[in-house]
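Enquirer: Let me see the structure of the following:
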Amino acid sequence: MAITAYFLGSYIKIGDRIWAFHLRDGGPLEKRARNVARGSNFDTSAGDYGGAVTAVKFWWLTVVGVAICSINVAFHFVKENAEKPWLWVALSAVLVFLAIGLGYGDGATGNSIARRQYAQFTIITVITPGVFTVIYLLSFAIGRRLVVGSKA
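Expert: Alright, predicted model coming up:
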């Protein structure tokens, strides 16, 4: 219930702070009241993804998702008589598309690599034996080059 409450709204209040995944739901009560008075629940001062979630939270969630996919890929790839042999291919495709999307998105918007979340990026590199990182960095370079090339 606590995990659901954290991801779905402003249900967890400890002291004078609301703990929530999304920027619109969490933060100190005092700052939240000022934002609501201005007509906005968003605090976009941090490096965030679309004004909805901070880069720190997003990349930690990405670590969990990549770990789940990687463990399943390894399990189904190693186990020859798996019930669903296509599953490791599908999960591998999810990891590839995630790396491409994140890399291109961060590069094209002019952000730094992994939005400066190097600890999480390193953990993902270890979990995926560097495959995610190589794809991410190639996509990042393409996104950065296309943006720089279009401005010249």
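Enquirer: roughly how far out does the helix or strand harbouring Ser139 sit from the chain middle?
Expert: Using DSSP states H and E, Ser139 sits within helix 131-151. Helix 131-151 sits 17 Å away from the centroid of its parent chain (C-alpha atoms, centre = their mean, to the nearest Å).
Enquirer: what about the helices in the chain?
Expert: Assigned by DSSP state H, the helices in the chain fall at 2-8, 29-38, 55-78, 87-108, 118-127, 131-151.
Enquirer: Output the fifth one as CSV, nothing but the C-alphas.
Expert: Taking only C-alpha atoms (Å, rounded to 0.1, in the frame of the first residue of the first chain), the coordinates of helix 118-127 have been written out as CSV:
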residue,chain,number,x,y,z
TYR,A,118,26.0,8.8,-12.8
ALA,A,119,25.5,6.4,-9.9
GLN,A,120,22.3,5.0,-11.4
PHE,A,121,23.9,5.0,-14.9
THR,A,122,26.8,3.0,-13.6
ILE,A,123,24.6,0.5,-11.9
ILE,A,124,22.7,0.1,-15.2
THR,A,125,26.0,-0.4,-17.0
VAL,A,126,26.9,-3.2,-14.6
ILE,A,127,23.5,-4.8,-14.8
